[in-house]
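[1] predicted model, plus sequence, below.
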Amino acid sequence: MSVTRTYTVTVVSTDSGNKYVIDGVQQDTLNLFESGTYKLDQSDSTNGGHPLRFSTTSDGTHGGGSQYTTGVTTSGTPGSSGAYTQIEVATDAPTLYYYCTQHSGMGGTANTPAADTWGALGWSTNRWGTNAE
């Protein structure tokens, strides 16, 4: 399983509490395409004490949901070198939400469109997606 994309995760403190920043965008909405493998790199020291996980419920366990574990692996301690959460997105995966297991209000949405969605593939793949709309 090769990684389709790696995201860099940091944490910032705001007036309304800590927030995840994904590739420089606070609480970014991610598009994690089915059958893709995505690594959320939590090695930056700001991630200390903020384990990132997925749920089918906004704000995860803080919002009354449970942790989504299908295709998800974790490694290391957030804030330490090499720490990450990785997901291989299942076919027909539901919309997901990333959240901190320790603190509410830090995360955001992770859409899981089908891999054949128009524009999902890079130009160099020599394949076209479909646009069902």
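    Received it, and whenever you're ready, just let me know what you need.
[2] and Gln67, how far is that from Thr46?
    22 Å (Cβ to Cβ, to the nearest Å). Placement of C-beta: from N, CA and C, glycine included.
[3] comparing those two, which residue is more hemmed in?
    Neighbours per residue (other Cβ atoms under 10 Å) separate Gln67 from Thr46, with Thr46 holding more: 17 against 14.
[4] where in the protein is pLDDT low?
    The chain contains residues with pLDDT under 70 at 1-2, 117-133.
[5] all strands of it, in order?
    5-14, 17-22, 25-26, 30-31, 37-41, 52-55, 67-68, 72-75, 84-88, 96-100, 108-111 (DSSP state E).
[6] would you list those strands in a markdown table and tack on distance to Thr61?
    Formatted as a markdown table, the strands of the chain follow (distance: least, Cβ to Cβ, whole Å):
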| stretch | distance to Thr61 |
| --- | --- |
| strand 5-14 | 18 |
| strand 17-22 | 16 |
| strand 25-26 | 22 |
| strand 30-31 | 19 |
| strand 37-41 | 18 |
| strand 52-55 | 7 |
| strand 67-68 | 7 |
| strand 72-75 | 14 |
| strand 84-88 | 15 |
| strand 96-100 | 7 |
| strand 108-111 | 16 |
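[7] surely Ala114 touches Phe33?
    Yes - applying Cβ atoms under 8 Å as the test, Ala114 and Phe33 come out as touching, 7.3 Å apart.
[8] looking only at neighbour counts, state which of these two leads.
    Applying other Cβ under 10 Å to Ala114 and Phe33 shows that Phe33 carries more neighbours, namely 20 against 16.
[9] how near is the more buried one to Tyr7?
    In this view, Phe33 and Tyr7 are 14 Å apart by Cβ to Cβ.
[10] again, but for Asn18
    To Tyr7, Asn18 is 17 Å away according to Cβ to Cβ.
[11] repeat for Gly64
    Gly64 sits 26 Å away from Tyr7, going by Cβ to Cβ.
[12] more crowded one of these two?
    Neighbour tally, Gly64 and Tyr7, criterion other Cβ under 10 Å: the higher count belongs to Tyr7, 20 against 10.
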